[in-house]
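Chemist: Give me the fold of what follows.
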Amino acid sequence: MVKNMPPAWIVYAWPRVLCETVHVPQWHFTHLSTQVLVHGHGEHPAMGQTVWQRDDELGRTVGVAWDWMSMPQGLVAMVDPMCLITNLQFVSGDGEVLAPLESVRQLNEIVHGLPWQDEVQRALALHH
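Modeler: Below is the predicted model of the structure:
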């Protein structure tokens, strides 16, 4: 494992960034770090965290992070798609703050578009 990787919860410490949902599909995030926190063996899955970020046009850093776990046959999955860490605060076009469930849906759309499984597989390969 590479030393000095930021933990996923560090995203909470970043300044809050308001975002209208119409802008999210245009955003491109880059991989910041993936950590293997539990080395799996036998019946016990490997587990860890991954952090992705982007800088918006105003120079603000936006991040999203989540826990992952290994699955049978070499697959990896999010531990809980309802539990993502971010400094984004989603708002509607009218400036209304989105309900938590709607925000989670937006975050999952971001995650779905990322090649995060490749980064997790790369991190796991370093530990075998």
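Chemist: Quick check: which element contains Val51?
Modeler: strand 47-55 (DSSP states H and E).
Chemist: partners of that strand, with directions?
Modeler: When sheet partners are counted by DSSP bridges, strand 47-55 sits next to strand 30-38 (antiparallel), strand 61-70 (antiparallel).
Chemist: so which of those is the most packed in?
Modeler: Highest mean neighbour count of those: strand 61-70, a mean of 21 (counted as mean count of other Cβ atoms under 10 Å). In short, each C-beta sits where N, CA and C put it, glycine included.
Chemist: Return the residues in contact with the spatially most central residue of the chain.
Modeler: In the chain, the centroid-proximal residue (Cα atoms, centre = their mean) is Ala65; its distance is 2.8 Å. The neighbourhood of Ala65, defined by Cβ atoms under 8 Å, 6 or more residues apart in numbering, consists of Ala8, Trp9, Val11, Gln49, Thr50, Val51, Trp52, Leu84, Ile85, Thr86.
Chemist: and what of Pro115?
Modeler: If you count contacts by Cβ under 8 Å, 6+ apart, then Pro115 has His31 around it.
Chemist: distance of Met78 from Leu114?
Modeler: Counting by Cβ to Cβ, to the nearest Å, the gap from Met78 to Leu114 is 11 Å.
Chemist: Please disregard the earlier target; I meant Arg16.
Modeler: From Arg16 over to Leu114 the distance is 21 Å, taken as Cβ to Cβ.
Chemist: Look up the residues forming beta bridges with the closest residue to Met78 other than its chain neighbours.
Modeler: Nearest residue to Met78, sequence neighbours excluded (Cβ to Cβ, 6 or more residues apart in numbering): Trp66, at 5.5 Å. Counting by DSSP bridges, Trp66 is bridged to Thr50.
Chemist: when you give positions from now on, start the count at 19
Modeler: That works, and once the first residue is 19, the last one we named lands at Trp84.
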